[in-house]
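A.B. asks: Structure, please.
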Amino acid sequence: MNDIAQSIIKLKDEMADQRAFDNKDNYSNAISGELKEWRHNLINIYAQSITESLDTSYDHINKWGEQAVNLLIDLDLPLDIAIEEIRNYRDKIGKIISEEAEAQQLTYIEFYNVLSRFNSVVDRAVHWLSISYSKKYYSRIYAAESVALELSVPVIKVTDTIGILPLVGDIDTKRAHELMDKALIKGSELGLDHIILDLSGVPIIDTMVADRIFKVIDALGLSGIHAILTGIRPEIAQTMINLGINISTIPIYSSLHIAMKALQE
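C.D. replies: The predicted model follows:
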């Protein structure tokens, strides 16, 4: 078994240079260079799996997978490229195992055990890399969404006591929740007496959105901050009426400019 493992390691450089995607995806030499160590580590694990226990090989694969995922995402390489590489080495190393087994006259059972253990490690590599890549990728997406969500609900202080909260685009449940938190927290932090909620950039308001906006207004009132609505488009005004929303107690102006002028007067 040690001879088979050594035969694989001897061909490590040759296999690492025969990249599965060179002629298909036009990756730069710089990226190929950074991936070489990634390939070497994987081939070493494959070779060691011939003599090591499965648990030990799985542990090595898990550690390799975490490092590999960081590299793939940093290089902006898709998951299918990595999986193709893993499977490519399965074919090459499987051929080496077959040739060495014949040369050493291994029994059928011995050959089966070696090949089965190797294939199990390859399958674990594909499985673990897929899971790690998905977790890492979606964690980055979530972080980016969180930043975008925070930026999409800005409270802007325009005078010592007046702030503006301009809303643009659709308001879903998550953004509506952020609206509530941001309006209350920033309003108090900035020491505002008035916050103008400008709806001129909101294309549609449904029951959920309207309910959330008026809860924000009520919560602001309890915090000593007066809320004002501006920029309500005709179709949104009609929707509010159809929904039976009572807006008679809330100061409403057709534009932000008029609201600012009224407050300053």
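
A.B. asks: What pLDDT is listed against the residue lying closest to Met15 once chain neighbours are set aside?
C.D. replies: Distances taken as C-beta to C-beta, 6 or more residues apart in numbering place Lys92 nearest to Met15, at 5.5 Å, with adjacent residues excluded. Just so you know, the C-beta spots here come from the backbone N, C-alpha and C atoms, and that holds for glycine as well. At Lys92, the pLDDT value in this model is 80.

A.B. asks: Can you tell me the number of residues neighbouring Lys92?
C.D. replies: Lys92 has 16 neighbours, counted by other C-beta atoms under 10 Å.

A.B. asks: now the helices: where do they sit in the chain?
C.D. replies: In the chain, the segments counted as helices under DSSP state H are 2-10, 12-17, 22-25, 29-48, 54-74, 79-103, 108-151, 173-189, 207-222, 234-242, 256-264.

A.B. asks: could those helices go into JSON lines alongside distance to Gly163?
C.D. replies: Compiled in JSON lines, the helices of the chain are given as follows (distance: least, C-beta to C-beta, whole Å):
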{"stretch": "helix 2-10", "distance to Gly163": "66"}
{"stretch": "helix 12-17", "distance to Gly163": "59"}
{"stretch": "helix 22-25", "distance to Gly163": "50"}
{"stretch": "helix 29-48", "distance to Gly163": "47"}
{"stretch": "helix 54-74", "distance to Gly163": "38"}
{"stretch": "helix 79-103", "distance to Gly163": "44"}
{"stretch": "helix 108-151", "distance to Gly163": "16"}
{"stretch": "helix 173-189", "distance to Gly163": "6"}
{"stretch": "helix 207-222", "distance to Gly163": "10"}
{"stretch": "helix 234-242", "distance to Gly163": "22"}
{"stretch": "helix 256-264", "distance to Gly163": "11"}
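
A.B. asks: circling back to that earlier point, would you quantify the distance from the residue nearest to Met15 to Phe118?
C.D. replies: Distance, Lys92 to Phe118, by C-beta to C-beta, to the nearest Å: 12 Å.

A.B. asks: Quick one: low-confidence residue ranges for the protein.
C.D. replies: 13, 16-34, 142-153 (pLDDT under 70).

A.B. asks: Walk me through the domains of it.
C.D. replies: 2-148, 156-264 (automatic domain parsing).

A.B. asks: and the end-to-end length of the last one?
C.D. replies: It refers to domain 156-264. One end of domain 156-264 to the other measures 16 Å (C-alpha to C-alpha, to the nearest Å).

A.B. asks: next one: stretch 163-177
C.D. replies: 19 Å.

A.B. asks: Flag every buried residue along that stretch.
C.D. replies: Across stretch 163-177, burial judged by 16 or more other C-beta atoms under 10 Å covers Gly163, Ile164, Leu165, Pro166, Leu167, Ile171, Arg175, Ala176.

A.B. asks: if I pick the residue lying closest to Asn41 once chain neighbours are set aside, what's in contact with it?
C.D. replies: Leaving aside its sequence neighbours, Asn41 sits nearest to Trp64 (C-beta to C-beta, 6+ apart; 5.5 Å). Shown in contact with Trp64 (C-beta atoms under 8 Å, 6 or more residues apart in numbering): Asn41, Leu42, Ile45, Ala125.
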